[in-house]
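Engineer: Give me a 3D structure for the following:
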Amino acid sequence: MIQKKANVQKTLAFSVILTFIANKAKQSLKIREIILSILRTS
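Structural biologist: Below you'll find the predicted structure:
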């Protein structure tokens with residue numbers, strides 16, 4: 001039960017971060033390129 005709650009909080013935090021990154025990417029294509037390069041390497 002505690003584990004589930006922690007997972008939900010992690011998922012929420014991750015989605016907030018993704019939304020923030022997406023908004024920044026709209027403003028700056030450079031940031032999007034950096035994100036894509038990070039995704040490729042990992």
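
Engineer: Helices of the chain, residue ranges please.
Structural biologist: Applying DSSP state H to the chain gives helices spanning 2-27, 29-41.

Engineer: Those into JSON lines, with extra columns for mean pLDDT and mean neighbour count?
Structural biologist: To be clear about C-beta, it is placed using only N, CA and C from the backbone, and glycine gets the same treatment. Formatted as JSON lines, the helices of the chain follow (pLDDT from 0 to 100; neighbours: other Cβ atoms under 10 Å):
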{"stretch": "helix 2-27", "mean pLDDT": "85", "mean neighbour count": "10"}
{"stretch": "helix 29-41", "mean pLDDT": "84", "mean neighbour count": "11"}
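
Engineer: Let me see the contact set for the residue most central in space within the chain.
Structural biologist: Nearest residue to the geometric centre of the chain (Cα atoms, centre = their mean): residue 18, 3.0 Å. By Cβ atoms under 8 Å, 6 or more residues apart in numbering, residue 18 lies in contact with nothing.

Engineer: any idea how far it lies from residue 11?
Structural biologist: 10 Å (Cβ to Cβ, to the nearest Å).

Engineer: same question, residue 24
Structural biologist: For residue 24, the distance to residue 11 (Cβ to Cβ) stands at 20 Å.
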